[in-house]
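Peer 1: turn this into a structure:
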Amino acid sequence: MIAPETENLIIKFINNQASISELEELENWMEDPRHEKLFKAYVKTNYAIDFNMRRFDSEKLKNRLLREMANEKKAIKLERRRKVMNYAAAAVVIGVFACAYFYQFNSPAEPIEEKPVELTLKNTIEPGTDKAILTLEDGSMVALDKTNPYDAPHAKSNGEQIVYKNVGAKPSKIEYNYLTIPRGGQFYIKLSDGTEVWLNSESRLKYPVSFRENETREVELVYGEAYFDVSPSTEHKGSKFKVLNKNQEIEVLGTEFNIKAYRDEAHIYTTLVEGSVTVGSGGQVQKLAPAQQSKLDIGSNTFNVYKVNVYNETSWKNGIFSFRDKPLKDIMKVISRWYDVDVVFENKELEAVTFKGVLGKNQDLQEILSAIKTLSIIENYEINEKKIILK
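Peer 2: A predicted model of the protein is given here:
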């Protein structure tokens, strides 16, 4: 059994996101032959779909790792560099092996002649981008994207993020802005107190232009999903930080956590990355420890707390969707928000099919669907303008 922290290292390594220090840690772990076997078994079990879609460029990967090594502050011995390079090359080999392994044990004995998929492509479906709608205190709205920068006395945006200034003066009254992320969008915001927030597709955040000193800092996740890295209360004369939602309230002193509260879902998920938070609803209060997730049932107003893999719950902000035994219905909800499409299950039994996999947020949607089809998770699919039909 692989420990969660080691599993996170493997996932980051597979997706070319591991730092040199993390590669060293993984290398040390794999020096045990038993661990090397666990590594290969994990890749074969979890990454068949990912490797089937990915086009590896081992030379580019080697060059990237070499650049990272050159930038590392501490010296790295030549022998260790050689070992890291071997692991990088091994990832490519294992990727090919993972696909071969999958097909060997999941393909029919006799080849089947596949009929070409009939597609209706009236519009090209692109992955989501950085974009948002900013609603100012007077109700006026500003579109934020790479073609439309925004510069105001209290905030500035380059189209990929918006950063609010700490003006220092105590506001006579609190004025609020809204940041709304449409389907097919994402955005980063830095609040005036230094708190950082990553907003996922189809989300909306309400927040003060400037916080008052010695008062609780409050923002509202109106709906959607957001990752918070809260500026600690020690930097704000002890002022607490609260995230409100119509169904729950989260109180923190300074920590990192993820909230998923979509309008079309029956549950609200709060995942603590580090620090400590309390989650309250209807008189109930739950205190979370790192790597714990609270699940609030909106209908019955009841809480459950689980131990979770933090990486799987928060990787979306780093450009990756990581799924672990998720039903296809839930996965397609994520896909529909990011690619701004509607998904229809012609075969309703497919909704409950589960699988593990890692998808890059910049991958072509047809590539993802073709891979799911190739792996016999679905029999076929059709794209009709902005509608995906799974068969």
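Peer 1: where along the stretch 51-200 of the chain do the strands fall?
Peer 2: 129-130, 132-135, 141-144, 150-151, 155-157, 161-164, 176-181, 185-190, 196-199 (DSSP state E, counting those that start in this stretch).
Peer 1: quick one, strands of the stretch 201-350 of the chain?
Peer 2: 203-208, 217-229, 241-244, 249-252, 256-261, 267-274, 277-281, 284-288, 292-297, 302-307, 320-327, 342-345.
Peer 1: let's have these in TSV, adding mean pLDDT and mean neighbour count.
Peer 2: Backbone N, C-alpha and C define where each C-beta goes, glycine included. What follows is the strands of the stretch 201-350 of the chain, written out as TSV (pLDDT from 0 to 100; neighbours: other Cβ atoms under 10 Å):
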stretch	mean pLDDT	mean neighbour count
strand 203-208	98	22
strand 217-229	97	21
strand 241-244	97	21
strand 249-252	94	20
strand 256-261	97	22
strand 267-274	96	20
strand 277-281	94	20
strand 284-288	92	15
strand 292-297	96	20
strand 302-307	93	13
strand 320-327	85	18
strand 342-345	95	15
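Peer 1: tabulate those strands (a markdown table), appending distance to Tyr164.
Peer 2: Shown next, in a markdown table, are those (distance: least, Cβ to Cβ, whole Å):
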| stretch | distance to Tyr164 |
| --- | --- |
| strand 203-208 | 8 |
| strand 217-229 | 12 |
| strand 241-244 | 15 |
| strand 249-252 | 19 |
| strand 256-261 | 19 |
| strand 267-274 | 23 |
| strand 277-281 | 23 |
| strand 284-288 | 28 |
| strand 292-297 | 29 |
| strand 302-307 | 33 |
| strand 320-327 | 28 |
| strand 342-345 | 35 |
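Peer 1: one step back: mean neighbour count, the strands of the stretch 51-200 of the chain: which tops it?
Peer 2: Highest mean neighbour count of the strands of the stretch 51-200 of the chain: strand 185-190, a mean of 22 (counted as mean count of other Cβ atoms under 10 Å).
Peer 1: which strands or helices does that strand pack on?
Peer 2: The contact analysis (3 or more Cβ pairs under 8 Å, 6 or more residues apart in numbering; DSSP states H and E) places strand 185-190 against strand 129-130, strand 161-164, strand 176-181, strand 196-199.
Peer 1: tell me the strands beside the longest one, with direction?
Peer 2: Pointing back at strand 176-181 there. Sheet pairing of strand 176-181 (DSSP bridges) gives strand 132-135 (antiparallel), strand 203-208 (antiparallel).
Peer 1: distance to Ser376 added to these, as TSV?
Peer 2: As requested, the strands paired with strand 176-181 are exported to TSV (distance: least, Cβ to Cβ, whole Å):
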stretch	distance to Ser376
strand 132-135	39
strand 203-208	34
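Peer 1: of all these, which one comes closest to Ser233?
Peer 2: strand 203-208 (16.2 Å; Cβ to Cβ).
Peer 1: and Glu7, which of the strands paired with strand 176-181 is closest to it?
Peer 2: Nearest of the strands paired with strand 176-181 (Cβ to Cβ): strand 203-208, 27.6 Å.
Peer 1: extract the C-alpha set from that closest one and format it as CSV.
Peer 2: The C-alpha trace of strand 203-208 is given here as CSV (Å, rounded to 0.1, in the frame of the first residue of the first chain):
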residue,chain,number,x,y,z
SER,A,203,-18.3,30.1,-9.7
ARG,A,204,-19.0,33.4,-8.0
LEU,A,205,-17.2,35.2,-5.2
LYS,A,206,-18.4,38.3,-3.2
TYR,A,207,-15.8,40.2,-1.3
PRO,A,208,-15.0,43.7,0.1
